[in-house]
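Asker: What would the 3D arrangement of this be:
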Amino acid sequence: MSAPQQPNEQWTEMQSRQPAGSPEAVGAAAKGGSRSVWSEYRTFVRRALREPSTVGAVIPSSPVLAREMARVVPTSDHPVVVELGPGTGALSGAVAERLPAAGRHIAVELDTGMVEHLRTSMPWLEVIQGDAQQLGQLLTEAGVQSVDAVVSGLPWSLFAGDSQTRILEEVGGVLVPGGAFTTIAYAHALGMPGARSFRRRLGRAFDEVVTTRTVWRNLPPARTYVCRRPSRSG
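Answerer: Okay, here's the model as predicted:
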């Protein structure tokens, strides 16, 4: 198996595969897609070093992983999509590519520096500063009662078990019937006790949990969990 590509190679390959008139290219141009990936990485690393308790990954997700996660985003009607822990916005662009013009894209971010970065670099993104453990309240204050999809880049390993459970309950409480929740699972950590415990919590929180294929073109390689039908019994 070949080694994963470096971040700049991933970005170059993604750009080369997008025709000038493709939806991806148009979406990127309309929503600031020309931003430097290396600028994004520098911002992420600076915040990770400054606030290690709230930034859990070493580098943001690759475009390949971001597009894999964004598959749960509806592409018609007027869906509401919530993004938890958007960081520098590596996943936000992939969500925006799929989201129809009538859709609403809300990002919930706790870190002040990341919030400021997102509001400056992605003015089209609706950013709410707050804790995902109060997701229902935050959305109610924003005039949202239910959402069609939740995508998460949260660093689950930094949360205690009861906090993980609370966030998953909050997510299940806002999803519409048929809605989906997706989050990252790093391949190298799947066998670790913390990762196994989190997977069990997902199984208790949702009736269906699907583990996708490994995305090797990410550092580190990762899979995603796609979860549906929240278990109201907990």
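Asker: Alpha carbons only: can I get the strand of greatest length in the chain in PDB?
Answerer: Scanning the chain for the strand with the most residues, using DSSP state E, yields strand 175-186. As requested, C-alpha coordinates have been extracted for strand 175-186 and formatted as PDB (Å, rounded to 0.1, in the frame of the first residue of the first chain):
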ATOM      1  CA  LEU A 175     -32.000  15.300  14.400                       C
ATOM      2  CA  VAL A 176     -35.100  14.900  12.300                       C
ATOM      3  CA  PRO A 177     -36.400  11.400  11.600                       C
ATOM      4  CA  GLY A 178     -34.200  10.100   8.800                       C
ATOM      5  CA  GLY A 179     -31.400  12.500   9.700                       C
ATOM      6  CA  ALA A 180     -27.800  11.400  10.100                       C
ATOM      7  CA  PHE A 181     -24.800  12.100  12.300                       C
ATOM      8  CA  THR A 182     -21.200  11.500  11.200                       C
ATOM      9  CA  THR A 183     -17.900  11.800  13.000                       C
ATOM     10  CA  ILE A 184     -14.200  10.800  12.600                       C
ATOM     11  CA  ALA A 185     -12.600   7.600  13.800                       C
ATOM     12  CA  TYR A 186      -8.800   7.500  13.400                       C
END
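Asker: That strand: partners in the sheet, and parallel or antiparallel?
Answerer: Sheet partners assigned to strand 175-186 using DSSP bridges are listed as strand 147-152 (parallel), strand 222-230 (antiparallel).
Asker: closest to residue 168 out of those?
Answerer: In this view, those are compared for proximity to residue 168 by Cβ to Cβ, and strand 222-230 is the closest at 8.4 Å. In this view, the C-beta of every residue, glycine as well, is placed from N, C-alpha and C.
Asker: Just the mean pLDDT for the closest one, thanks.
Answerer: Per-residue pLDDT over strand 222-230 has a mean of 96.
Asker: Run through who's touching that strand.
Answerer: By Cβ atoms under 8 Å, 6 or more residues apart in numbering, the residues outside strand 222-230 that reach it are 61, 65, 68-69, 71-72, 171-173, 175, 177-187, 190, 199, 202, 205-215.
Asker: Show me where this protein has its strands.
Answerer: Under the criterion DSSP E, the chain contains strands at 80-84, 104-109, 126-129, 147-152, 175-186, 206-211, 222-230.
Asker: so which of these gets nearest residue 98?
Answerer: Counting by Cβ to Cβ, residue 98 lies closest to strand 80-84 out of the strands of the chain; the figure is 8.7 Å.
Asker: so where is this structure shaky, pLDDT-wise?
Answerer: Low-confidence regions of the chain, defined by pLDDT under 70, span residues 1-60, 233-234.
Asker: at 50 what do you get?
Answerer: Within the chain, the segments meeting pLDDT under 50 span 1-38, 40-41, 44-45, 47-49, 51-58, 234.
Asker: Make a ChimeraX selection of the buried ones in the contacts of strand 222-230.
Answerer: Of these, the buried ones can be selected in ChimeraX as follows, counting by 16 or more other Cβ atoms under 10 Å:
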select :61,65,68,69,71,72,171,172,175,179,180,181,182,183,184,185,186,202,205,206,209,215
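Asker: Distance of residue 134 relative to residue 117?
Answerer: Note on residue 134: its distance to residue 117, by Cβ to Cβ, to the nearest Å, is 22 Å.
Asker: So between those two, which is more surrounded?
Answerer: residue 117 (23 against 15; other Cβ atoms under 10 Å).
Asker: thought that one was touching residue 88?
Answerer: Yes - A contact is recorded between residue 117 and residue 88 when judged using Cβ atoms under 8 Å, the distance being 6.1 Å.
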